[in-house]
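# heads up, no residue letters with this:
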């Protein structure tokens, strides 16, 4: 590698790096946004993603690209992958638990909770896989551009985001801290679809394109729902306690019943219910619920149309 | 690595992993979302991206960061890169063809089609590069924040998404399955710009910022068009067959003629034509076409403005 | 790896690769979008991201996942990281400077400018860290779904995008070319939040969800501002010179004063001022400023509501 050499590089007597080090270390003293390995080392993202990759490989075998898959070897590789994932997830969950626990390892139940959560996650895989088949079928039937099931698995961001959220939701239900949120933020990063791990998603969900979709922590979505890009299922206001602080976790996001379609850019805010079979048009802004079978479209805003004289 | 040790880890007699393995393998029996290497192993994303990286290096030499580039070595490295890419793309395309072919390798023309598609892709590179120069120039002239052509190549997501789509479109025209869509979804992932490989893009296209842009499979875009973030060129409805199933591939997205500008958040739906030189304002929602030279802006929705008494 | 073997692969006599090589190399002759290492090799993205990763590790120690962090080793590892980052950033900045300089290395001040910029960046870290603590606190207090400060650091895309922009802004102030923009585009890629390195961001900024947010080069944001997904702080029009070319760099984006909240999908265009404590509602489209303490909401567009007879 070619480097720009310099005559006037800092002389050893100019100890700006040493002084700066001391100033930086001082800002760590309050412990805020500092993660160290004395008793409470947080799970690393790379470790979480390695496990998530293994879980996705169990759900969609042969699609992760980790290795070519032979049907003959499958029963053995599945057991091996499960065992590795169990041990690794158990340890990561334990570390996440301990970060927030505060008690000494011998006095807390962080490890037994972690074992329970890891096992519960893995035991949900057969059901997750059946659910994802319905999601894939929904994408294939719902999109005229979808040419095969394989194409849907390989290239539909909605399928990826939903799969990861379903995995994270299993951990969320077991009250695992940090890890489910990190998994969903990974899904957000690679798809633009931001679903909180707390949201409850029904079967046969299809999210098309997906960029800009936001689905909040306490949202609940029924079966066979279709959602397009830019849809927000958000909170209208935040309940506050007597001190004016926001109350964490209270129900504040919509409930979407079965067979609802929500077109691009629509926003639904608050703990309202969108009734079964409703159709919410593009760009609609709703802060109230709908009866079942309601079709809502936005009135076309008045457009100003000017004709240019042979312009351009 | 520090691991959380545990006294009560699953004993060998508790064979939950073995039982779970069997249950998971059972869910693979229907073959849905299972990819194996007995005769039909799908191309892996990592292999496709490796080739895409090489093709981008041929279009923008020295910019991929794969290695420092010397003008003296260039004629040799280009030949070497082309040869590697030809062989690798040919094999990947052949695997994608075979996945959907069903006939025995000796009875099908998957390989000769793959050779033709790979060669056609590489032979389009000189023209692709000339087209991309016009796209870079359009970004440089269209954005007051652009300081140099190098900055545009290095950091404009629109240029990246358009380049990848132009490459994928070459393969789409040769009816290559799966791979073009995976390339465009990769572009979507890293830019937030979702262009289907089927869309036809004219020269000198500028997409600024780009997050949330969706351009559908049968959209057609003329020359010197400008598109801003959040623009959708989508379908209004999906033609269905007698059984109520969506018909795949029918024309259902807009045609944008030359010199049109479409500002942020505008949505144009259906197989309509936006005439030459038209300007579509931010957030406009259109399901009809425009004559050439039309300027459309949305009427400002009535705003409710309240003054707070020295609030905050 | 299984390859599709072929009898009819191109024979040595069919020199399509050799001919294509020559045609491709010809398109490099004008030098556009070509980066080579004769005197002007551009910084590579991978090198920039390696340094950015080190800087983020200094701001949020132990969070990058690069290695487990011990409080005992911290003073030493900080010094080591600083020294490595100084040398590497200095060289990268020098290369970026030289790409645009045109003079011979011995005649220009590219290296001394690079030393100044690299040192200035590192010396801003203690203040950056104090600022980020306020940003983390703002996210924790502003989002009912936030469970801990660690969760905010690990999984809030807004925190990531803002941190990277603050780092890039330090370099922008020192007039470093290319690198700040590449850093911010990396942030855009992983978060969907597109903030130009030129924008000036106040302390305690919270961007929630963030996908689709665009903040332009000359925007200025005060303290304790909240911004939700899909917000654009953009330009309304571009000043042009006598030749009709866009003037680069002129003030054209909004100024947001302290304690303003801007809800999802709002668009504010032009060099207008949004007064202290104002609240801009979701989807509002503004091309004028507001007095302090103004609350603006969009009038609900008329909705068309149809009831379907027991549909679905």
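On my side now, so go ahead. All figures in this text were calculated on a predicted structure; none of them were measured in a lab.

# residues in contact with the strand or helix carrying residue A:132: which ones?
Using DSSP states H and E, residue A:132 sits in helix A:125-142. For helix A:125-142, contacts defined as C-beta atoms under 8 Å, 6 or more residues apart in numbering or on different chains pick out A:55, A:58-60, A:146, A:148-149, A:152-153, A:156, A:158-159, A:162-163, A:166-167, A:170, A:203-206, A:208, A:224, A:226, B:20, B:23-24, B:26-27, B:30, B:32-33, B:245-246. Where you see a C-beta, it was placed from the backbone N, CA and C, and this is true even at glycine.

# just the buried ones from the residues you listed?
A:55, A:58-60, A:146, A:149, A:152-153, A:156, A:158-159, A:162-163, A:166-167, A:170, A:203-206, A:208, A:224, A:226, B:20, B:24, B:27, B:32-33, B:246 (16 or more other C-beta atoms under 10 Å in any protein chain shown).

# now, which of those residues lie within strands?
A:206, A:226 (DSSP state E).

# avg pLDDT for the helix holding residue A:132?
Mean pLDDT, computed over helix A:125-142, is 96.

# quick check: the closest residue to chain B within the stretch 151-300 of chain A vs residue A:164, distance?
When distances are taken as C-beta to the nearest C-beta, the stretch 151-300 of chain A reaches nearest to chain B at residue A:155, 4.1 Å away. Look at residue A:155 and residue A:164: by C-beta to C-beta, to the nearest Å, they are 16 Å apart.

# cool, and residue A:305?
44 Å.

# who's more crowded, the two?
Between residue A:305 and residue A:164, residue A:164 has the larger neighbour count (other C-beta atoms under 10 Å in any protein chain shown), namely 25 against 12.

# tell me how chain A divides into domains.
A:38-192, A:212-305 (automatic domain parsing).

# got the ones you listed as TSV, with distance to residue B:175 columns?
Shown next, in TSV, are the domains of chain A (distance: least, C-beta to C-beta, whole Å):
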stretch	distance to residue B:175
domain A:38-192	10
domain A:212-305	27
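
# which one, of those, ends up nearest to residue C:64?
Residue C:64 lies closest, by C-beta to C-beta, to one member of these: domain A:38-192, at 8.5 Å.

# and the stretch 101-250 of chain A, which of its residues are near chain B?
A:105, A:110-112, A:114-115, A:119, A:122-123, A:125-126, A:129-130, A:132-133, A:136, A:141-151, A:153-157, A:190-192, A:209, A:211-212, A:229-230 (C-beta under 8 Å from any C-beta of the partner chain).

# so where is the stretch 101-250 of chain A shaky, pLDDT-wise?
Counting by pLDDT under 70, the stretch 101-250 of chain A shows no low-confidence range.

# repeat that with 80
Residue ranges of the stretch 101-250 of chain A with pLDDT under 80: A:102, A:105, A:238-239, A:246, A:249.

# okay, helices next: where are they in it?
A:110-123, A:125-142, A:149-155, A:157-173, A:179-191 (DSSP state H, counting those that start in this stretch).

# between these, which gets nearest to residue B:101?
helix A:149-155 (12.7 Å).
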